[in-house]
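> missing the sequence, but the structure's below:
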């Protein structure tokens, strides 16, 4: 019961600091809250992380008081005449992106390969209890085609937490 009062006291202190515009002090109080160690996992199979999906994940993190973690399943592509050069360039770009996210304190992992987004997320999140929500940012399939890159409803039901699906519209 004392723990409940401590959580309530910290929450009220954080609210008071936030109302006064002292957001850093408010975050210090919230860091001890139950959701402080919880994460929102943003998973995407788009070539580039869609801004709409990223913004949505950040907003959810703010509302839940959780941290963001990103898993980027990069589709196989490249110049057929120079596959090694294309792969090296893409790996360098992904490494720079990982460093950039690290400066903001956001864990970012990428996976290259033939496996689908759902399988990679299940592998990545297996046994983890700190993921409270998964946001899937999906690349839209070409018109009239449903490929393997789209989520399978029975796979999504196997996740141990809620899943939000966001599709980025394909440009014409």
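Yep, it's here. Here the structure is a predicted model, which is why all the values come from computation and not from measurement. Numbers count the residues shown, from 1 in each chain.
> what's the local residue count around residue 165?
The burial metric for residue 165, expressed as a neighbour count using other C-beta atoms under 10 Å, is 13. Where C-beta positions appear, they are placed from N, C-alpha and C, glycine not excepted.
> how close does it sit to residue 14?
Residue 165 sits 32 Å away from residue 14, going by C-beta to C-beta, to the nearest Å.
> also residue 42?
Distance, residue 42 to residue 14, by C-beta to C-beta: 25 Å.
> pick out whichever of those two has more residues nearby.
Applying other C-beta under 10 Å to residue 42 and residue 14 shows that residue 42 carries more neighbours, namely 27 against 22.
> run through who's touching the helix or strand hosting the more buried one.
Using DSSP states H and E, the element containing residue 42 is strand 39-44. If you take C-beta atoms under 8 Å, 6 or more residues apart in numbering as the criterion, strand 39-44 is touched by 49-50, 53-54, 57, 60-61, 64, 66-73, 117, 120-121, 124-125, 130-139.
> lowest average confidence, helix or strand, in the protein?
Evaluated with mean pLDDT, DSSP states H and E, the helix-and-strand set of the chain has its lowest mean pLDDT in helix 153-156, which scores a mean of 60.
> which element follows it toward the C-terminus?
Once the chain leaves helix 153-156, the following helix or strand, as judged by DSSP H and E, is strand 163-168.
> partner strands of that next one, with direction?
Strand partners for strand 163-168, identified by DSSP bridges, are recorded as strand 131-139 (parallel).
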